[in-house]
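Engineer: Provided below are the primary sequence and the corresponding predicted coordinates.
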Protein chains: 2
Amino acid sequence: MDAQSRPVGAEETVKSSRSHLVALKKKLRAEIPATRLLGIEPARCNSGALVLKAPLAPNRNDKGTAFAGSLCAIATLAGWSAIWLALRDAGLEGIIVIQDSSIRYLRPVTRDFEARCSMPAPAQLARFLAALRKQGKARLKLRVVIPKAGTDAVTFTGRYVARLSK
Amino acid sequence: MDAQSRPVGAEETVKSSRSHLVALKKKLRAEIPATRLLGIEPARCNSGALVLKAPLAPNRNDKGTAFAGSLCAIATLAGWSAIWLALRDAGLEGIIVIQDSSIRYLRPVTRDFEARCSMPAPAQLARFLAALRKQGKARLKLRVVIPKAGTDAVTFTGRYVARLSK
C-alpha cells in the first residue's frame, strides 16, 4: 500500500513515519559506514512497509548484476530499520540485533534496487511492543523482498531481538 | 589446517592455491567493487580452507561491532571464492552464483574479522567437478564460519551453482 492508496485517517502515522525516516537516514549514515559506502538509504515508508534503496554501480558483481552480499546486506538492514522505526513510533529506544536469517536469490538484479520490509500486522506489532515493555526484550520475525518487474528477485526472512535501553 | 601443519606431499596444491589467490584478489577488486569499499580480501588458502578477511572500521554498526550485512557479505563471498578457486585448480572456467543461504549470528564480532570456508572433501569435490564437466552445471553446498576466540561468532551455509563458460 503506497501513500496514494492509503485510507483517510492513517495520514498521521504516515507523517510521523516520514520524520522518523529522516532520523533513520542520519543514523545509518553516521553509525553504519557500509550504508554510505554501498549507497544504501531509506527510500520511503508507510504503515505497510519500509523500503530501502541502493544503486547498482557500487554493488555490482563479476556478472554485472547485483552482488549477493550487497542484496543480503540491504535486506538485513531493511528488517533492522523496520524495528528501529517501530520502536521510535512507540516512543521506545532499544538495541536491535539480528539472530539469524535465510535468503533466496531467485532472479538476478540488473539495475538499482530496493528492499521492501513488510511491517508486522498490528496485532503482531502490539504483542512485540507489549513483550518489550514487560520483559525489556522481545523477538520479531520479518520478511523482506527485493522486487523486480512485478515479481520477487530475492526473498529474505530474518529473526531480530530488541532490548530496551531505557 | 594451516601451512605449518600440512603433511609433506600436499605442498604442490598449496603453491598452486597461492598463485590462484593473487588472481582471486585481482578479480574481486576489479569486478566486485563492494569488496574494495568494505576492505574484503583473500587472506590465505590451502587444500582445507579458504579464508577472506576484512577490517572492522568500514564494517562497524551502531553498536561498534561488525554489521550483520557485512558479515553475511563476506561469508557469501567466501563460498563463492572457494568454488572459483576449485574451478581454477581444475583448469575450468565458469559462472558461479549463489542460490540460497542461511546464517546465524551467535556472538558479536568486535574486531577485524575473517570468514573461513571449508573446502569440500575430496570425494565431494570430485563429484561436483565430474557433474560440471558432464552436464555443464553442478551444485555445491558450502559451510563458512567467522571465528572468534576459539569458537564461532557466525555460521553460514550457502548453496551455489556453477555453470561452465567454456
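Structural biologist: Thanks, I have the structure now. All values derive from a computational prediction rather than experimental measurement.
Engineer: going forward, measure contacts between C-alpha atoms and count neighbours the same way
Structural biologist: Fine.
Engineer: and chain A, which of its residues are near chain B?
Structural biologist: Counting by Cα under 8 Å from any Cα of the partner chain, the positions of chain A adjacent to chain B are A:28, A:31-34, A:37-38, A:58-62, A:67-70, A:72-74, A:76-77, A:98-106.
Engineer: Run a quick neighbour tally on A:Asn46.
Structural biologist: Using other Cα atoms under 10 Å in any protein chain shown, A:Asn46 has 22 neighbouring residues.
Engineer: ignore the last one, A:Gly91
Structural biologist: For A:Gly91, the neighbour count with other Cα under 10 Å is 8.
Engineer: ok but it is inside a helix, no?
Structural biologist: No - assessed with DSSP: H, G, I helix; E, B strand; the rest coil, A:Gly91 is coil; it does not lie in a helix.
Engineer: Confirm that A:Pro120 sits in a helix.
Structural biologist: No - according to three-state DSSP, A:Pro120 belongs to no helix; its state is coil.
Engineer: ok, now which ones touch the residue lying closest to it once chain neighbours are set aside?
Structural biologist: Of all residues not flanking A:Pro120 in the chain, A:Leu142 sits nearest, at 7.2 Å (Cα to Cα, 6 or more residues apart in numbering or on different chains). Residues near A:Leu142 by Cα atoms under 8 Å, 6 or more residues apart in numbering or on different chains: A:Gly79, A:Cys117, A:Ser118, A:Met119, A:Pro120, A:Thr157, A:Gly158, A:Arg159, A:Tyr160.
Engineer: repeat for A:Leu37
Structural biologist: A:Leu37 sits next to A:Pro58, B:Leu37, B:Leu38 when contact means Cα under 8 Å, 6+ apart.
Engineer: re the thing from before, need the buried ones from the residues of chain A next to chain B selected in ChimeraX.
Structural biologist: The buried residues among those can be selected in ChimeraX (16 or more other Cα atoms under 10 Å in any protein chain shown) with this line:
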select /A:28,31,32,33,34,37,38,58,59,60,61,67,68,69,70,72,73,74,76,77,98,99,100,101,102,103,104,105
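Engineer: Filter the residues of chain A next to chain B down to just the ones in helices.
Structural biologist: Under the assignment DSSP state H, the residues of chain A next to chain B contribute A:28, A:31, A:33-34, A:37-38, A:68-70, A:72-74, A:76-77 to helices.
Engineer: just to revisit the earlier point, am I right that the residue nearest to A:Pro120 is in a strand?
Structural biologist: Yes - counting by three-state DSSP, A:Leu142 is found in a strand.
Engineer: now the strands for chain A?
Structural biologist: A:41-45, A:49-54, A:94-105, A:113-118, A:137-148, A:151-164 (DSSP state E).
Engineer: which parts of stretch A:46-65 are buried?
Structural biologist: Using 16+ other Cα under 10 Å as the test for burial, stretch A:46-65 gives A:46-61, A:64-65.
Engineer: Contact partners for A:Val97?
Structural biologist: Contacts of A:Val97 (Cα under 8 Å, 6+ apart): A:Trp80, A:Tyr160, A:Val161, A:Ala162.
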